[in-house]
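# Take a look and give me a structure for this.
(4 chains)
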2 protein chains.
Amino acid sequence: MVFAGQGDARRSMSLLWRSAGGGAARPGPKPGLTVDAIVRAAVAVADEHGMAALSMRAVGERLGRTAMALYTYVPNKAELVDLMYDDVLGELPGGYPSDAGWRPALASWAADVRAFYLRHPWVLQVSQARPVLGPHEFAMLETLVRILRGTGLDAAELRGVVGAVTQFVRGAAGAVADVRRAARETGVSDEEWWFTRSPLLEEFAGGLDERYPMAAWIGEADPPAADDRTPYLERDAERTFAVGLRVLLDGIAASVARSVG
Amino acid sequence: MVFAGQGDARRSMSLLWRSAGGGAARPGPKPGLTVDAIVRAAVAVADEHGMAALSMRAVGERLGRTAMALYTYVPNKAELVDLMYDDVLGELPGGYPSDAGWRPALASWAADVRAFYLRHPWVLQVSQARPVLGPHEFAMLETLVRILRGTGLDAAELRGVVGAVTQFVRGAAGAVADVRRAARETGVSDEEWWFTRSPLLEEFAGGLDERYPMAAWIGEADPPAADDRTPYLERDAERTFAVGLRVLLDGIAASVARSVG
DNA sequence: ATAGATTAGTTTATGGCGTAAGGAGTGGCA
DNA sequence: TGCCACTCCTTACGCCATAAACTAATCTAT
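Down below sits the predicted model:
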């Protein structure tokens, strides 16, 4: 998890909203880089090699500079991560048709956001503790609230729903992202991993099925279809998203029904 | 996020399930430490100062040893974290009465698990990508499934529900934990933080209310009660838990109704 | 034209991290 | 007694973010 530096809040805001300010000719050598170029390079590093591989060195190298060169443009790494975060949120689409009601709109919003998170899994490692307050973060909230307005719920209730939905999508995408990350960072596939663990579990923790009958029962449920090549831990995460989304939508519908009736 | 070392899976299992093996008298100096002592010390460090402060040096210091001394007992840091994880999961209670049905049982399970996560927030930073396969992790699953059996849903469906519930509680607790962590690690309270941001936001991103009317509308909703001293970001997280849990339970109830009818 | 100020980018250094390697001392057993 | 497995230490390596000091470029004012 990465936190924003609270060093100079003014500089931070100015960077996020990119208040031009670079008009006047200034002394000194011409800048060879731009904030945007740095942010793009950093996003590329994170997309390709994961958040763990995002170092100032790595970003600098990709731009043919040293790590320290970046500090001319960006106050520190935490701030860079915030910029990456808001920048990449700009990819999210905005207008969801409300003709068919909030339910299908919310479902496709969730699918889009999930896909987005899986495209940029490192985003899930940016702390949500304090909002970044960038333009695209606001836009994302705007889109979601616009959809949920269709439920007719009052603002206080809706605020809880917004949190629940946001959190659900993050969590579900995070589960998948974690599984993939583990596979990449350890170099061991889920199958290999389980293949070595399974017999050891029997050896050291024999009689599991008797000790944990419920866990055993549910563990054996629902074997994959013969043509399903999805790694099994990832399939679990997919299932959680599908079932969870349905449950969530049903639950919101129940709230709506209650508030009307 | 921290991953388990997949170095020696056998050793890892043997540690998790603590297969005694230490009976025979062995040559060499008497061990001054035990795995349990190390795990307890590590948990104490993480509880007090957070996962970020959990270093082999810090744990060693707490035990009056160097960092390297730990490597006699524990193969590496990732393995130690797994041991901490399963150890501390042992705190979770087991039997939830099913007299009143699954709903109240699930609600109090969620509350207990949430409280547990807030007692040991670092647990939320242990990757869920691959299960640790320790005794208490199994026990936790066992407890949850036992409660959910009361819904009468079939195993495949229940697996999705288990995932959704687990993820929800993790996510909701994580949000609160993140907020607290940010306050501690930056040394800036939510109030101070917002006090400096708020005017800057107006300065650099003027006209927010016109640009993001929905976000503005929901942002103004539901001011705190006069006697409420909870930091406001944390209050948002509390609300998300309350609303989210209700929505989740309603959603599960809808699934149950569908499967019966 | 030149001096001074300002800036971009470098090198170097500090103090953290996990952990590999090797050495010192301990104590049970042949 | 000597061996050797064992615990624990010191040292060292290569990472990390970033502070500080420096070089070199390029503007403005003289």
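
# Contacts only, for A:Ser151.
Just so we're on the same page, residue A:151 is Thr rather than Ser. A:Trp102, A:Leu158, A:Val161, A:Ile252, A:Ser255, A:Val256 (C-beta atoms under 8 Å, 6 or more residues apart in numbering or on different chains). C-beta here means a position set from N, CA and C on the backbone, and glycine is covered the same way.

# Which of those residues sits closest to DNA strand D?
Among the contacts of A:Thr151, A:Val161 lies closest to DNA strand D (C-beta to the nearest atom of the strand), at 36.5 Å.

# Am I right that A:Pro93 is in contact with A:Asp112?
Yes. Using C-beta atoms under 8 Å, A:Pro93 makes contact with A:Asp112 at a distance of 6.1 Å.

# What residues of stretch A:185-193 count as buried?
A:Glu185, A:Thr186, A:Val188, A:Asp190, A:Trp193 (16 or more other C-beta atoms under 10 Å in any protein chain shown).

# to the chain's geometric centre, what's the distance from stretch A:50-58?
17 Å (C-alpha atoms, centre = their mean, to the nearest Å).

# same question, stretch A:11-28
29 Å.

# Likewise for stretch A:58-68?
Counting by C-alpha atoms, centre = their mean, stretch A:58-68 comes out at 26 Å from the chain centroid.

# Equivalent analysis for stretch A:79-96, please.
With C-alpha atoms, centre = their mean as the basis, stretch A:79-96 stands 11 Å off its chain's centre.

# What residues sit buried inside it?
By neighbour count with 16+ other C-beta under 10 Å, stretch A:79-96 contains the buried residues A:79-89, A:92, A:96.

# which residues in the stretch 151-261 of chain A form helices?
Ranges of helices in the stretch 151-261 of chain A, per DSSP state H, counting those that start in this stretch, are A:155-186, A:190-204, A:208-211, A:213-219, A:232-260.

# avg pLDDT for the longest one?
Read it as helix A:155-186. Helix A:155-186 carries an average pLDDT of 92.

# A:Trp17 and B:Glu203 touch, don't they?
No. At 9.3 Å, A:Trp17 does not count as touching B:Glu203 under the criterion of C-beta under 8 Å.

# Which one of the two is surrounded by more residues?
More crowded of A:Trp17 and B:Glu203, by other C-beta atoms under 10 Å in any protein chain shown: A:Trp17, with 17 against 13.

# who touches that one in this structure?
Here A:Trp17 is in contact with A:Gly134, A:Pro135, B:Phe204, B:Ala205 (C-beta under 8 Å, 6+ apart).

# low-scoring pLDDT stretches of chain A, where are they?
In the predicted model, chain A carries pLDDT under 70 at residues A:1-7, A:20-23, A:221-229.

# do that again at 90, thanks
For chain A, the stretches flagged by pLDDT under 90 are A:1-9, A:18-28, A:95, A:127-130, A:156, A:184-192, A:194, A:206, A:219-240, A:259-261.

# interface residues of it facing DNA strand C?
Chain A comes close to DNA strand C at residues A:26-33, A:60, A:64-66, A:68-69, A:71-73, as judged by C-beta under 7 Å from any atom of the strand.

# now, which of those residues lie close to DNA strand D?
Restricting the residues of chain A next to DNA strand C to those adjacent to DNA strand D (criterion: C-beta under 7 Å from any atom of the strand) gives A:Arg26, A:Pro27, A:Gly28, A:Pro29, A:Lys30, A:Met68, A:Tyr71.

# The last one: what's its closest spatial neighbour, skipping adjacent residues?
Counting by C-beta to C-beta, 6 or more residues apart in numbering or on different chains, A:Tyr71 lies nearest to A:Met56, which is 8.0 Å off, once chain neighbours are set aside.

# Surely the one you found is in contact with A:Lys77?
Yes. Using C-beta under 8 Å, A:Met56 is in contact with A:Lys77, at 5.9 Å.

# right, and the secondary structure at A:Asp99 would be what?
Put simply, A:Asp99 is coil when judged by DSSP: H, G, I helix; E, B strand; the rest coil.

# B:Ala237: which of the buried residues of stretch A:185-193 is nearest?
Minimum distance to B:Ala237 across the buried residues of stretch A:185-193 is 29.3 Å, recorded for A:Glu185 (C-beta to C-beta).
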